[in-house]
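Enquirer: Starting from these lines, generate the structure:
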Amino acid sequence: MIILESASKFVKIFLFIGLILLSTSLAVIFPLNPVEGLGSGVSKTVLDNGLTVLIKEIPTAPVVSLQVWYRVGSRHEPKGENGIAHQLEHLMFKGTQSRPVQFGQLFYALGSSSNAFTSYDITAYHHTAPADQLEPLLILEADRLRNILMTPDALESEKRVVISELQGYENSPEYRLSRAVMAALYPHHPYGLPVGGTARDVEQFTLSAVKNFYHQYYRPDNAVVVIAGDVRPPRALELVKKTFGQIPRPTAPLKFPALPSPTAGSSQRIRLTEPGSAPLLQLVVPIPAMTHPDQAALDVLDMLLSGGRSSYLYQKLIETGQASSIHSYAMALQEGGWFEIGAIAAPQQSLETIEQTIGQILDQLAQHPLSGAELQRAKQQLKANFVLRNRDIDAQASQLANDETLTGDYRFSDRHLAAIEQVTAADVQRVVQTYFGRDRWIVGEFIPSQFAEVELSGRPSTQTTAHELVGEPPDPQTIAAYLPQGSGDSAAALRPTAVETLTLENGLRVLLLVDRSTPTITLAGRIDAGTAYDLLTQPGVAHLTAANLLNGTRHKTALTLAQTLEDRGISLEFSAFRDGVDIEGYALADELPTLLETLGEVLQEATFPESELQLSRQRYLTALRLEADDPARWGRRVLQQTLYPPNHPLHPFATPESVQAIQRQDVVNFYRAAYRPERTILVLVGDFDPKAVRSRLNDIFGSWQPQTAPLSLAFPAVSPPPQPLFKNAVIAGKSQAITYLGAPGIDRRDPHFYAAMLMNHILGGDTLASRLGTEIRDRQGLTYGIYSFFSAGRQAGPFVIQLQTAPEDTAKAIDATRQLLREARHQGLTAAELDAAKRSLGNTYMVELADVDVLARALVANASVDLPPQELQTFGDRLQAVTLDQVNQALQDLIDPDRLVIVTAGSTVSYRP
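Expert: As a prediction, the model looks like this:
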């Protein structure tokens, strides 16, 4: 996995290449206790071998986060070996001399959510697991720090996987444009090179080169271990000394390559004219390293530019119809960085006009000081986001690791937050004048040479492919033999949740869960007004209705609503999908009244102004064009429209034509019919007084009454095709193929749901540990990622296997997948696999519910299918009750490899089922 480090210490540090359009208004903010600070309660120890250890006790859930960060990234790669740090990250999962098995399978067996990433300055490995699994995880990480097993076969296999990953990024015009812009920004420094490398360099990696890189940088005096969660610090430190402490410090001194300081290239313009769907603009300027004093003012500037609807970019570009999407972010690294401003042009709008508008905004900020209200709003948004993430154990561990690894001070975020509080209007004006002069601009433009025209072929090709034999499935007993044992610490258990439920007289259902661990509120909800109802109207109506709820009410304009929320650091969003409209809201505890009042106002009094509806339609049309250029999203659309007939609610998708045909009255009529109290569920989790909240809910929502008769849908029965059906959705300019294999599935209330969940987990629920992942990815090296899932809500959605491949490997990967399914159905899944899946799923479920946001969404999901809150508590018991016969029967019922719909999107692929 390739990830970038963020400059802003309150902007999420995990920023995926290929998804670079990230605004701080959408960013995840790392936590800091509002009184004591992120660094409070942290113990720091440096072992005799040089290993730095940070430990923080957070007893809010029976979960621990273990992070191992190395001070090495793509910045340290020799010339001609661009991507070798990322290649090594992949090989770190291939096993050690004492444990020659896929480490992903070991982490899976421990019930750990584990992954890794490579960035410019660091490489990191992270786990979130039940607290009693800390010692086994430490043993495994210490083992692969010292004893990694590298073989020629493993390197060749993972080189194919890495190239598949890089091809996936190449599918994105944003990535291709950013790569060219970065090369111009830092032409003589590794910061200007892709973190993941290039296929040309990856293909040339030798085993000796990778080993040399490993021995040079993977050593205890170049590593930081962070442990956060439900642990006792003295005991945790004892375990670290017992595992990592036994690794000797290398006798050779730690040396890093001598590199010039990152000197930015001269101002220039880059234009890419390639197949794509929408014009893109990226404006980038160099900024100093992350420890520079100006970073605090740059973070405030970032929030002012793109932090919500009241921000400068939104008001000047989105509200005027020039752009369909905007973003800004500050990316500060150890030795330098950049500030990016970007946009996706709205239909019939020019990048030249957008660039001029951005220039005018920057000129205004450079020439005229901010108002006190603007400055305070930006600071409040940063502060609120910062506190709202205080509940996430994993995020705390990541930020501590990031601060210590890159700055040598785990308290860096505390100091940075204090610096933000001291930023003045003059500071913001000064950084704009200092860093955003026209002579510093690197401007990137992406101009589509042709809009994505999808060619869809359902004809079998004339070329056949050989059926490759698949290897033996992973043996859980073999994995268990290599699994380290802990010291017998008490096992974690899911703590009870006292959920209060109430139903208002109008049918509105509410679930309340008090959690006083932090002064915050999470609001989750669902309204039965999803896109399935597009079957009754015009495809796109449900989406446009949800997207326009915050665009005005009887008493407030869109801007007034935005300022009401953003002045207080409140977030409120609505998103439509098949099963409903999801509500997400976050606030500091004191702001709960404003959050609830705003929610009540938009659900009952939205007015859908024509001018705002037209702008929303523009953005939707751009989104549809982007979807048509995205193989993953377009392939899923083709799969679903092939599985389900036109009279089925899961078949319709919005098209540019259907969206253009939607009138304001269509939206108003849908709002009146679908937005109803008896079809709405709200969940509140956080620090509040239940009695006061019940009273306020009655005041706000008690008078809400339906205005029309309810909508009703019929879901006809669906069967899989009588024989495999293959379709190739060809999209111009794509270097990688995304393939879906699908069949009709089950709904959430199906009695076989838990058996199907376990079956799916064994088959493809984990890319590194499942049968599909072990065979197609790990042994054959045909894909960067393969996994299976099924959509089980109030209505039955599809069962799907998804994989990404190089075009030349696609047919082979499809055949190998189908052959694996045949053998699994013929031989059956095993008792050992079932036991391992029960442990893994049970532990993973507990870890996920430690996140209060996930807990709130889980309560909503269960309530939406009429399951009680207690379903969360009985999850483990229901898993344990499933028999092997039931799991194998689910496999027989749900997946027939000879009756699948197979869709490959992106590249042209020859395949005959």
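Enquirer: Was I right to think Leu134 contacts Leu237?
Expert: No - the criterion here is C-beta atoms under 8 Å, and Leu134 misses it with Leu237 at 11.4 Å. For glycine as for every other residue, the C-beta is placed from the backbone atoms N, C-alpha and C.
Enquirer: quick one: Leu741 is in a strand?
Expert: Yes - under DSSP: H, G, I helix; E, B strand; the rest coil, Leu741 sits within a strand.
Enquirer: in the sheet, who's paired with it?
Expert: Under DSSP bridges, the beta-bridge partners of Leu741 are Ile801, Ile902.
Enquirer: Run through the residues that contact it.
Expert: By C-beta atoms under 8 Å, 6 or more residues apart in numbering, the contact set of Leu741 is Val800, Ile801, Ile814, Thr817, Arg818, Leu900, Val901, Ile902.
Enquirer: please redo it, this time with the cut-off set to 10 Å
Expert: Contacts for Leu741 (C-beta atoms under 10 Å, 6 or more residues apart in numbering) come out as 639, 724, 726, 788, 799-803, 814, 817-818, 821, 895, 897, 900-904.
Enquirer: Look up the pLDDT of it for me, please.
Expert: The model reports Leu741 with a pLDDT of 98.
Enquirer: returning to that earlier point: okay, Leu134 and Leu237: which has more neighbours?
Expert: Taking neighbours as other C-beta atoms under 10 Å, Leu134 and Leu237 compare with Leu134 leading, 26 against 18.
Enquirer: Verify the contact between that one and Val225 for me.
Expert: No - between Leu134 and Val225 there is no contact under C-beta atoms under 10 Å: 11.1 Å.
Enquirer: overlap in contacts of those two?
Expert: What both Leu134 and Val225 touch, as defined by C-beta under 10 Å, 6+ apart, is the set Leu66, Ala236, Val240.
Enquirer: Export those residues as TSV, with columns for pLDDT.
Expert: Putting the shared contacts of Leu134 and Val225 into TSV (pLDDT from 0 to 100) gives the following:
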residue	pLDDT
Leu66	98
Ala236	97
Val240	98
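Enquirer: between those residues, which is closest to Val860?
Expert: Leu66 (30.1 Å; C-beta to C-beta).
Enquirer: Tell me the secondary structure at that closest one.
Expert: Taken by three-state DSSP, the conformation at Leu66 corresponds to strand.
Enquirer: partner residues bridging it?
Expert: The partner list for Leu66 in beta bridges (DSSP bridges) reads His127, Ile227.
Enquirer: what's the answer for Leu280, then?
Expert: Where Leu280 sits in a bridge, its partners, by DSSP bridges, are Ile344, Phe446.
Enquirer: Give the full set of residues in contact with it.
Expert: Leu280 makes contact with 21, 173-174, 176-178, 272, 325, 342-345, 351, 444-448, 626 under the criterion C-beta under 10 Å, 6+ apart.
Enquirer: So which of the shared contacts of Leu134 and Val225 wins on neighbours?
Expert: Ranked by neighbour count (other C-beta under 10 Å), these have Leu66 at the top, with 27 neighbours.
Enquirer: so who does that one touch?
Expert: For Leu66, the contact set (C-beta under 10 Å, 6+ apart) comprises 112, 114, 125-129, 133-134, 137-138, 140-141, 225-229, 231, 236, 240, 394, 397.
Enquirer: Past the helix or strand of the chain with the lowest mean pLDDT, which element shows up next along the chain?
Expert: Averaged element by element with mean pLDDT, DSSP states H and E, the chain has its least confident helix or strand at strand 15-16 (a mean of 26). Once the chain leaves strand 15-16, the next helix or strand it forms, by DSSP states H and E, is strand 42-46.
Enquirer: The following helix or strand past that next one pairs with which strands?
Expert: Next in sequence after strand 42-46, counting helices and strands by DSSP H and E, comes strand 52-57. Strand 52-57 sits in its sheet next to strand 42-46 (antiparallel), strand 223-229 (parallel), going by DSSP bridges.
Enquirer: List the buried residues for strand 52-57?
Expert: Thr52, Val53, Leu54, Ile55, Lys56 (16 or more other C-beta atoms under 10 Å).
Enquirer: Chain neighbours aside, what residue packs nearest to the third one?
Expert: Take Leu54 and drop its neighbours on the chain: the residue closest to it by C-beta to C-beta, 6 or more residues apart in numbering is Val226, 4.6 Å away.
Enquirer: Check the gap between that neighbour and Gln67 for me.
Expert: When distance is defined by C-beta to C-beta, to the nearest Å, Val226 is 4 Å away from Gln67.
Enquirer: Over to Ala223?
Expert: Distance from Ala223 to Gln67, counting by C-beta to C-beta: 10 Å.
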